[in-house]
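Enquirer: I'd like to go over a predicted model; first the sequence, then the structure.
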Amino acid sequence: MIDQFFDYQLGELEYRSLRFETETLDIENYQGNAVVNYTDADTPYTRIIEHKHFEFGTQPKTIITKEYSKTWSKGDEPYYPINNERNNHLYKKYKQLAEEQGNVIFGGRLGHYRYYDMHQVIAAALQCVRNEVK
């Protein structure tokens, strides 16, 4: 986290964390898919992962993990930045400090303080390498 690197000297950026609940179910198949995302306001969790579908398991039971969004606080694992006006303004100040470092590369969601899908992470990493090679 870029703000943690600088010991929060300009203040804390806000993040969203996650809480996980895992269950073993006495059924062969729960959702027929490895991951199902839930985006409606009425569902308390954001995603259910059914682990056996990553390996095409055929066990008589299945294991699922429900993923719940939660507010981040120090000591929690940060997953996603909260991009609003206050945080984006604070991030720009941290970015200025980062540019003065010269010997540190900040990357990913927590270094760029930006939500990335996987293809965007890869593109940003490749661009970072291109910048370093120049």
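Expert: Now that the structure is in, tell me what you want to look at. Since this is a predicted model, take the numbers as computed values, not measurements. Numbers count the residues shown, from 1 in each chain.
Enquirer: got the contact list for the residue lying farthest from the centre of the chain?
Expert: The outermost residue of the chain, judged against the average C-alpha position, is Pro60 (32.0 Å), by Cα atoms, centre = their mean. Pro60 makes contact with Glu28 under the criterion Cβ atoms under 8 Å, 6 or more residues apart in numbering. C-beta here means a position set from N, CA and C on the backbone, and glycine is covered the same way.
Enquirer: how close does it get to Ile105?
Expert: Pro60 sits 48 Å away from Ile105, going by Cβ to Cβ, to the nearest Å.
Enquirer: And the residue nearest the centre of the chain?
Expert: Tyr79 (3.1 Å).
Enquirer: so what's that one up against?
Expert: Per Cβ under 8 Å, 6+ apart, neighbours of Tyr79: Tyr15, Arg16, Ser17, Leu18, Trp72, Arg109.
Enquirer: Give the helix, strand or coil label for Gly111.
Expert: helix (DSSP: H, G, I helix; E, B strand; the rest coil).
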